[in-house]
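>>> Based on what follows, work out the 3D shape:
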Amino acid sequence: MNIIETVASALTDIGYPAEKLKTAQIRQISSEQYKQLNGYDIGFVFKQCEALLSLRDWPFSLIAFDWAFRVKKQYTRDTFDIFEHWLFEYVTDWYDCDDFCTHAFGELIAQYNDLIIKTHLWTNHPNFAVRRAIAVVLIYPLNKNSCPIDAVIQASELLMFDRHDLVQKGYGWALKVLSKHAPEEVISYLKNRHQTMPRVAFRYALEKLDKHVRNELMLL
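Have a look, this model is predicted:
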């Protein structure tokens, strides 16, 4: 039995697909099954990840992204091309985007800030989840204090007029996280852009600001 078959068997043992699994259950299986890969280099691990992703089934994708995150010490700038391929090929909704981008892909960006500029090329991608990733991929680096403040502002500018609400919520989320680290920059930005920013993004962005500031901005 190969590694992928072992993962499938482990999922079946806890009731999948007959029962709806919780994320915590899948992550536990991911942790247990990863022990088979311990000691393998990043190339082998990524090959297994792609095999899981090719099944196009949520539990397998969650495990693939988890395994990719576990080899973060072996990332190089060339890892970007692999992750971009996975984003384009296998990420189709917000939950895949957020899991991938706030762990493995976000860690890569935290290590190599110079790669951020490459994500700007996704602005006109037909898949909304890819466009959402432009902002969401910055959230992990922000929380690790490994992201330039202006990167979030740049992402917001690129996505400002995107019509998809989940893209709007994505860059609003990134601005909200930024507000915990640089509140004055976010307040200034929201004041300057309140007339053009979609209200859903605006509301997301101000959620973590002081109450009196939120009330002031909501009156704009």
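>>> going forward, measure contacts between C-alpha atoms and count neighbours the same way
Noted.
>>> list the contacts for residue 6?
residue 33 (C-alpha atoms under 8 Å, 6 or more residues apart in numbering).
>>> ditto for residue 7
29, 30, 33.
>>> how close does the second one sit to residue 210?
Put plainly, it is residue 30. 39 Å (C-alpha to C-alpha, to the nearest Å).
>>> and if you look at the last one?
When C-alpha to C-alpha is applied, the distance between residue 33 and residue 210 equals 44 Å.
>>> before we move on, back to that, residue 63: which of the contacts of residue 7 is nearest?
Within the set of these, residue 30 lies nearest residue 63; the separation is 5.3 Å, counting by C-alpha to C-alpha.
>>> State the helix or strand in which that closest one lies.
With secondary structure defined by DSSP states H and E, residue 30 is part of helix 23-34.
>>> So which bits of the following helix or strand past that helix are buried?
Reading on from helix 23-34 to the C-terminus, the next helix or strand found by DSSP H and E is helix 42-53. Neighbour-count burial for helix 42-53, counted by 16 or more other C-alpha atoms under 10 Å, picks out 42, 45, 46, 48, 49, 50, 51, 52, 53.
>>> Does the closest residue to the last one other than its chain neighbours lie in a helix or a strand, and which?
Counting by C-alpha to C-alpha, 6 or more residues apart in numbering, residue 53 lies nearest to residue 61, which is 5.1 Å off, once chain neighbours are set aside. Residue 61 is part of helix 58-70 when elements are defined by DSSP H and E.
>>> Convert the C-alpha atoms of stretch 204-213 to PDB, please.
Provided in PDB are the C-alpha atoms of stretch 204-213 (Å, rounded to 0.1, in the frame of the first residue of the first chain):
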ATOM      1  CA  TYR A 204     -13.800  44.200   7.400                       C
ATOM      2  CA  ALA A 205     -10.800  46.500   7.500                       C
ATOM      3  CA  LEU A 206     -11.900  48.500  10.500                       C
ATOM      4  CA  GLU A 207     -13.100  45.700  12.800                       C
ATOM      5  CA  LYS A 208     -10.000  45.600  15.000                       C
ATOM      6  CA  LEU A 209      -9.700  49.400  15.400                       C
ATOM      7  CA  ASP A 210     -10.700  51.200  18.600                       C
ATOM      8  CA  LYS A 211     -14.400  51.600  19.000                       C
ATOM      9  CA  HIS A 212     -14.400  55.400  18.700                       C
ATOM     10  CA  VAL A 213     -12.300  55.200  15.500                       C
END
